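Participant: Sequence below, structure please.
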Amino acid sequence: MSHKSKNEIVMPIKKQFVKSKPVCKVTFSIEAKEATQVSVIGDFNNWNAEEGTLSKLKNGTFKGVFDLDKDAAYEFKYLIDGEYVNESEADSFKWNEFAGTENSVLEV
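Facilitator: Residues are numbered from 1 along each chain as shown. Predicted coordinates:
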């Protein structure tokens, strides 16, 4: 049985609540070593890829931090080089008639 060190554990979504404001700082990160462009798109940015652009880190992970209103649930997906990808570690999944597929759901 192998044990991973704490440094190896990458949390895909990190939530940090801001005490002074009704927002949650949400860090999205996804490993996509071969990708050139990755965005997180969803209800919180009108599914706008430009607003959800993630930055590529040296280790091949794309990452971005967004302030989202708390006490809400947001449907979202990752857009990796033009391909829509769900977050496997999402809080839940919701069928979307418009897209004809499930979206990831984030609850803050």
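Participant: CA only for contacts and neighbour counts going forward, please
Facilitator: Will do.
Participant: Could you pull up phi and psi at Ala32?
Facilitator: phi -150, psi 70 (degrees, to the nearest 10).
Participant: pLDDT at it, what is it?
Facilitator: At Ala32, the predicted lDDT confidence score is 95.
Participant: State the pLDDT value of the residue nearest the centre of the chain.
Facilitator: Nearest residue to the geometric centre of the chain (CA atoms, centre = their mean): Phe28, 3.8 Å. Model confidence at Phe28, expressed as pLDDT, equals 97.
Participant: so what's it up against?
Facilitator: Phe28 makes contact with 12-14, 40, 63-65 under the criterion CA atoms under 8 Å, 6 or more residues apart in numbering.
Participant: That one sits in which helix or strand?
Facilitator: For Phe28, the enclosing helix or strand under DSSP states H and E is strand 23-31.
Participant: Listing partners with orientation, what would you give for that strand?
Facilitator: Using DSSP bridges, the neighbouring strands of strand 23-31 in the sheet come out as strand 13-17 (antiparallel), strand 61-69 (antiparallel).
Participant: Which positions in that strand come out as buried?
Facilitator: Neighbour-count burial for strand 23-31, with 16 or more other CA atoms under 10 Å as criterion, is recorded at 23-31.
Participant: I am finished for the moment; much appreciated.
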